[in-house]
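1. compute the structure for the input listed below.
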Amino acid sequence: MTKLSVNINKIATLRNSRGGNTPNLIQVALDAERYGAQGITVHPRPDERHIRYKDVYDLKTVLKTEFNIEGNPKIQKFVDLVLEVKPEQVTIVPDSDGQLTSDHGWDTIKNKAYLKEIIATFKNAGIRTSIFVDADLKMIEGAKETGTDRVELYTESYAKLYNKNKENVIKPYADASELAVKLGIGINAGHDLNLENLAYFKQHTKNLLEVSIGHALISDALYLGLENTIQLYLRQLK
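-> So this is what the prediction gives:
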């Protein structure tokens with residue numbers, strides 16, 4: 001079964017907007033686990049506008065499921081954080097310092113030497129690695145050369161065009177996942193996946209090991225409740 005990792009960045013954004021500790025980020029993470037989430041994802045950024053570095057340390061001490069930390073490894077503070085916390089998985093993304101949200105994957109060919117080096121650093125520390133990539137066969141082939149354990153397929157274009165022509169828009173992802181399987185690379189996915197498009201994506205993507213979902217899931221929870229929402233997302237993955 002594909003694992004659901006709940007990205008709690010939006011909870012941190014809400015908390016930070018008023019100061020204090022409401023909503024309680026740690027409690028939300030623990031509740032998400034209790035309601036069925038098989039992982040928790042965070043993406044600390046340099047300005048700490050949502051997840052703070054302290055949050056990452058605090059979460060590590062209490063989480064019972066898989067901890068996935070996303071971020072830009074060209075920021076040394078991020079690398080130091082990951083190596084100290086030692087999550088089950090690190091997902092590396094090519095974000096700029098002030099980027100609103102991740103909007104493109106790595107060029108695994110152009111950045112091969114750098115990616116090989118940083119991935120080896122994390123793997124030598126016993127941390128599973130995943131790299132954020134577009135659904136491009138050349139980028140999947142390039143990912144194989146970096147030594148990564150997994151790739152996370154960037155799914156914004158799929159989500160954006162899903163209602164217009166889902167049969168055509170899923171094809172690059174299906175092809176990318178098929179190639180990854182042949183190359184022995186695990187598949188994760190994330191960005192704008194939701195209750196409407198998740199099941200179809202799962203059905204047409206081979207060996208989908210994990211999805212990381214935050215914005216849509218937290219938004220749905222405002223209407224449906226967190227426990228019910230997590231259960232609904234899990235159903236889409238069965």
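2. so where is the protein shaky, pLDDT-wise?
-> For the chain, applying pLDDT under 70 flags the ranges 95-103.
3. just give me how far the longest helix seen in it sits from the chain centre.
-> The longest helix of the chain (DSSP state H) is helix 156-183. In terms of CA atoms, centre = their mean, to the nearest Å, the centre of helix 156-183 is set 17 Å apart from its chain centre.
4. in it, which residues are buried?
-> The neighbour-count check on helix 156-183 (16 or more other CB atoms under 10 Å) flags 156, 158-159, 162, 169-170, 172-173, 176-180 as buried. For glycine as for every other residue, the C-beta is placed from the backbone atoms N, C-alpha and C.
5. repeat that for stretch 82-91.
-> Using 16+ other CB under 10 Å as the test for burial, stretch 82-91 gives 82, 85, 87, 89-91.
6. in strands, which of the residues you listed fall?
-> 89-91 (DSSP state E).
7. ok, those vs residue 212, which is closest?
-> residue 91 (7.5 Å; CB to CB).
8. circling back to that earlier point, give the other helices and strands that the longest helix of the chain contacts.
-> Packed against helix 156-183 by the contact rule (3 or more CB pairs under 8 Å, 6 or more residues apart in numbering; DSSP states H and E) you find helix 137-146, strand 150-154, strand 186-190, helix 198-203.
9. in JSON lines, list those along with mean neighbour count and distance to residue 105.
-> Formatted as JSON lines, the helices and strands packed on helix 156-183 follow (neighbours: other CB atoms under 10 Å; distance: least, CB to CB, whole Å):
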{"stretch": "helix 137-146", "mean neighbour count": "19", "distance to residue 105": "6"}
{"stretch": "strand 150-154", "mean neighbour count": "26", "distance to residue 105": "5"}
{"stretch": "strand 186-190", "mean neighbour count": "23", "distance to residue 105": "11"}
{"stretch": "helix 198-203", "mean neighbour count": "18", "distance to residue 105": "16"}
